[in-house]
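Engineer: Here you go, sequence then predicted model.
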Amino acid sequence: MTAYTRVLLKLSGEVFGGGSVGVDPDVVSKVARQIAEVVRAGVNVSIVVGGGNFFRGAEMQQRGMDRARADYMGMLGTVMNCLALQDFLEKEGIETRVQTAITMGQVAEPYIPRKAIRHMEKGRVVIFGAGAGMPFFSTDTVAAQRALETRSEVVLMAKQGVDGVYTADPAKDPTATKLDTLTFQEALTRGLKVADATAFALCMENDMPLIVFGMEDEGAILRIVQGEKIGTLVSS
Ligand code: UDP
């Protein structure tokens with residue numbers, strides 16, 4: 001028995017690029033191997049993919065672009081990550097479907113929540129791309145929304161370079177310590193950043209727990225779904 005039966009994994013764009021621009025196939029292949037283990041353990045998995053390894057709308061705006069157009073570029077970037085992940089998951093023998101919030105029939109299905117649930121029940125991994133299809137949103141927010149709509153039990157927030165929520169920024173404060181658990185209210189009171197504000201509010205208002213963990217810790221996702229306490233659990 002696993003501790004969770006349906007999880008939503010949020011992979012930020014950083015995870016795909018291995019720290020640089022674009023997609024690093026070696027890194028994606030490693031990530032796919034980890035996800036495949038979770039699916040083989042019988043857990044329903046869907047994934048929201050970020051795109052920060054290609055474009056972030058807010059950064060392009062600072063360099064003179066119209067924000068909405070730059071955000072659409074950001075969303076299109078997420079789809080490239082989706083296709084790379086789909087490829088490596090299928091090489092692991094896992095069936096997948098990509099569903100995008102911007103319709104692009106040649107490469108993906110449109111986002112249809114009931115269909116996404118059916119795919120998961122059949123053991124397929126559903127990869128959600130193109131964010132919410134709307135500028136001014138982030139893929140963290142989409143992760144919270146998709147988790148709620150597909151009735152997932154938890155959002156697994158995979159981070160690059162950090163393995164949980166700390167009392168302060170560990171890069172700046174040597175006394176910072178990692179928190180094993182945290183309530184939404186404590187995070188607010190102590191000013192600790194778990195996800196972006198909209199994503200955080202959606203989770204808090206709808207009792208959707210989040211686990212923030214480090215992607216460098218190989219096998220972490222499987223261990224989390226098996227009930228091991230890894231990273232930081234943020235809940236009501
Ligand atoms: N984006 C958007 N609407 C969405 C999701 C994403 O406009 O619903 C754009 C936005 O410009 C964002 C970019 O896509 O900067 C990449 O997504 P995000 O920054 O969330 O990716 P991550 O930080 O997880 O790599």
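Structural biologist: Thanks, I have the structure now. Residues are numbered from 1 along each chain as shown.
Engineer: Wondering if the least confident helix or strand in the chain by mean pLDDT reaches the ligand at all.
Structural biologist: Sorting the helices and strands of the chain by mean pLDDT, DSSP states H and E puts helix 13-17 at the bottom, at a mean of 92. Yes. Counting by Cβ under 6 Å from any ligand atom, the ligand has neighbours in helix 13-17: 13, 14. C-beta: built from backbone N, CA, C; applies to glycine.
Engineer: quick one: buried residues of the following helix or strand past that helix?
Structural biologist: The first helix or strand that comes after helix 13-17 along the chain, using DSSP states H and E, is helix 25-40. Residues 27, 28, 29, 31, 32, 33, 34, 35, 36, 37, 38, 39 are the ones in helix 25-40 that count as buried (16 or more other Cβ atoms under 10 Å).
Engineer: quick one: the second one and residue 113, what's the gap?
Structural biologist: Taking Cβ to Cβ, to the nearest Å as the measure, residue 28 falls 26 Å from residue 113.
Engineer: And the fifth one, by the same measure?
Structural biologist: Separation of residue 32 from residue 113 (Cβ to Cβ): 24 Å.
Engineer: still on that earlier bit, would you turn the buried residues of helix 25-40 into CSV with pLDDT?
Structural biologist: Converted to CSV, the buried residues of helix 25-40 look like this (pLDDT from 0 to 100):
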residue, pLDDT
27, 94
28, 96
29, 97
31, 96
32, 97
33, 97
34, 97
35, 98
36, 98
37, 97
38, 98
39, 98
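Engineer: Would you point out the most distant pair within these?
Structural biologist: Greatest spatial distance among those (Cβ to Cβ): 27 and 39, at 19.1 Å.
Engineer: quick revisit: which other helices and strands contact the least confident helix or strand of the chain?
Structural biologist: helix 25-40, helix 67-91 (3 or more Cβ pairs under 8 Å, 6 or more residues apart in numbering; DSSP states H and E).
Engineer: Give me the buried stretch members for stretch 92-107, please.
Structural biologist: 92, 94, 96, 97, 98, 99, 100, 101, 102.
Engineer: right, and the first one touches residue 30 too?
Structural biologist: Think residue 92. No. Assessed by Cβ atoms under 8 Å, residue 92 is found out of contact with residue 30, at 10.8 Å.
Engineer: didn't residue 32 look like it was pressed against residue 92?
Structural biologist: Yes. Residue 32 lies in contact with residue 92 (Cβ under 8 Å); the separation is 5.4 Å.
Engineer: how about the residues of this structure near the ligand?
Structural biologist: Within the chain, the residues that sit near the ligand (Cβ under 6 Å from any ligand atom) are 12-14, 50-52, 56-57, 71, 74-75, 78, 131-132, 134-135, 137-140, 142.
Engineer: returning to what we had before: make a markdown table out of the helices and strands packed on helix 13-17 and add distance to residue 176.
Structural biologist: Shown next, in a markdown table, are the helices and strands packed on helix 13-17 (distance: least, Cβ to Cβ, whole Å):
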| stretch | distance to residue 176 |
| --- | --- |
| helix 25-40 | 27 |
| helix 67-91 | 30 |
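Engineer: re the thing from before, can you tell me which of the residues of the chain next to the ligand are classed as buried?
Structural biologist: Applying 16+ other Cβ under 10 Å to the residues of the chain next to the ligand, the neighbour count classes 12-14, 50-52, 56-57, 71, 74-75, 78, 131-132, 135, 137-140, 142 as buried.
Engineer: Looking at the helices and strands packed on helix 13-17, which is nearest to residue 215?
Structural biologist: helix 25-40 (7.2 Å).
Engineer: other SSEs contacting the closest one?
Structural biologist: strand 6-11, helix 13-17, strand 44-49, helix 67-91, helix 220-225.
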